[in-house]
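Novice: Okay, predicted coordinates and the sequence, questions at the end:
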Amino acid sequence: MTLTIWLSLFTVCLLGAMSPGPSLAMVAKHSLAGGRNNGLATAWAHASGIALYALITLVGLAALLHQSPLLFRGITYVGAMYLAYLGFNALRSKGGIAARLEAGERMSVWQSAREGFFISLTSPKIMLFFIALFSQFISASSEMSSKAIIVVTPWLVDGLWYTLITFVLSSSLFLEKLRAKAKWIDRLSGLLLMALALKVFIGF
């Protein structure tokens with residue numbers, strides 16, 4: 001893989017990570033409700049889901065889904081329903097930042113990691129990203145080293161981006177102010193998740 005192709009891959013991955021969506025809402029939720037360790041667990045579990053997507057795209061899932069619109073639609077709908085479920089709970093603050101802070105309930109690092117991993121696997125936005133944009137780099141992956149780069153690059157970019165988000169949200173400068181607005185953050189993230197789910201259903 002040439003440096004030019006890798007820079008293009010890096011840029012696409014960075015833009016994908018930086019675009020707002022359910023992943024950002026999930027990292028924010030765990031960073032604010034559980035603290036920095038929970039946010040980091042969410043970030044790197046999410047990145048591991050991204051790496052898994054990169055791997056299965058590499059071995060042909062993107063081509064399979066492209067050739068089978070019905071299968072692609074079914075997987076996308078399942079992901080949209082998961083987003084709607086998360087959004088509905090966030091709107092009610094059930095399991096969200098506000099509910100956990102009020103109850104004094106600590107969120108385990110394992111739970112944060114689990115939710116971070118599953119949000120990356122079930123987000124239609126991420127699925128579309130890999131099929132529409134990421135799959136174009138597969139042609140540059142004939143060598144084993146190139147294949148490794150194609151999997152490791154999105155993992156590192158995604159993990160480091162959300163690590164930065166976690167450190168910002170869990171810093172003493174912002175943490176208490178953001179926690180004071182926990183209910184509004186829950187409602188905003190809930191609306192975002194519900195809107196993304198609705199967009200998927202309307203788009204198909």
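Specialist: That came through fine.
Novice: Tell me how far residue 68 lies from residue 74.
Specialist: 9 Å (CB to CB, to the nearest Å). For glycine as for every other residue, the C-beta is placed from the backbone atoms N, C-alpha and C.
Novice: tell me which helix or strand of this protein sits lowest on mean pLDDT?
Specialist: helix 97-103 (a mean of 49; mean pLDDT, DSSP states H and E).
Novice: what's whatever helix or strand comes next after it packed up against?
Specialist: Heading C-terminal from helix 97-103, the first helix or strand you meet, by DSSP states H and E, is helix 109-122. Secondary-structure packing of helix 109-122 (3 or more CB pairs under 8 Å, 6 or more residues apart in numbering; DSSP states H and E): helix 22-34, helix 36-58, helix 69-91.
Novice: Which pLDDT does the model give the residue nearest the centre of the chain?
Specialist: Computing the C-alpha centroid of the chain and ranking residues by CA atoms, centre = their mean puts residue 23 first, at 3.3 Å. For residue 23, the model assigns a pLDDT of 86.
Novice: Please look at it and residue 162 and confirm they touch.
Specialist: Yes: the criterion here is CB atoms under 8 Å, and residue 23 meets it with residue 162 at 7.3 Å.
Novice: The longest helix seen in the chain versus helix 22-34: what angle between them?
Specialist: Ranked by number of residues, the top helix in the chain under DSSP state H is helix 144-169. Taking axes from the mean of the first three to the mean of the last three CA atoms, to 10 degrees, one finds helix 144-169 and helix 22-34 inclined to each other by 50 degrees.
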